[in-house]
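Peer 1: what would the 3D arrangement of this be:
(one chain, ligands or ions: 2)
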Amino acid sequence: MSHHDERTFVMVKPDGVQRGLIGDIVARFEDRGLKMVGGKFMQIDEELAHEHYGEHEGKPFFDGLVDFITSGPVFAMVWEGADATRQVRQMMGETDPAESAPGTIRGDLGLDLGQNVIHGSDHEDEGANEREIELFFDEDELVEWDQTDAVWVYEDEDH
Ligand code: DAT
Ligand code: MG
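Peer 2: Ligands and ions are numbered 1, 2, ... in the order given. The predicted model follows:
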């Protein structure tokens with residue numbers, strides 16, 4: 001099972017929550033065959049926002065980004081599957097929804113760079129997925145479970 005167990009951090013941002021898009025976004029990952037192993041509806045405080053977006057501190061959009069991400073509840077998730085981090089990023093589209101292909105989450109659901117509906121760990125930033133999972137979830141909030149239809153997702157799973 002080892003190559004199917006990559007975990008990645010994903011979050012529906014406050015705009016996505018307000019617009020009622022949690023279900024749509026969760027359904028896309030379920031349909032793809034990924035497995036949810038953690039989910040938390042929560043409010044991000046200033047401190048967590050600074051930690052989460054630490055790499056952007058000092059950039060001109062940083063204060064607006066912190067204001068936005070703390071402006072209402074988010075739905076934080078951990079999804080597991082083969083190549084999960086990169087696959088989720090592909091499903092998200094580009095950072096700017098206006099540059100994102102139709103069929104992607106941002107390309108289908110957003111128009112504005114500052115309110116781009118979803119966060120996913122950067123697959124080009126080694127270890128970002130594990131760091132972000134740890135930042136948002138305690139170990140006992142992640143659930144190990146058998147996804148019975150995984151045998152129909154992965155060819156090398158035993159039927
Ligand atoms: P991503 O969310 O695709 O990983 P990122 O990590 O570069 O993108 O930036 C984090 C968020 O900051 C992004 O989702 C939206 C916002 N952002 C990035 N670049 C921006 C810019 N030039 N102007 C305004 N907001 C920006
Ligand atoms: Mg990023």
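
Peer 1: can you name the residues that contact the nearest residue to A101 once chain neighbours are set aside?
Peer 2: Leaving aside its chain neighbours, A101 sits nearest to G107 (4.9 Å; criterion: Cβ to Cβ, 6 or more residues apart in numbering). C-beta coordinates here come from the backbone N, C-alpha and C atoms, glycine included. By Cβ atoms under 8 Å, 6 or more residues apart in numbering, the contact set of G107 is 93-94, 97, 100-101.

Peer 1: at 10 Å instead, please
Peer 2: The neighbourhood of G107, defined by Cβ atoms under 10 Å, 6 or more residues apart in numbering, consists of 92-94, 96-101.

Peer 1: of these, just say which sits nearest to V151.
Peer 2: Compare each of the contacts of G107 with V151 using Cβ to Cβ and the shortest gap goes to M92, at 27.2 Å.

Peer 1: mind listing what the closest residue to V153 other than its chain neighbours touches?
Peer 2: In this structure, V153 finds its nearest non-sequential neighbour in G33, 3.7 Å apart by Cβ to Cβ, 6+ apart. Contacts for G33 (Cβ under 10 Å, 6+ apart) come out as 4, 81-82, 87, 147, 149-150, 152-154.
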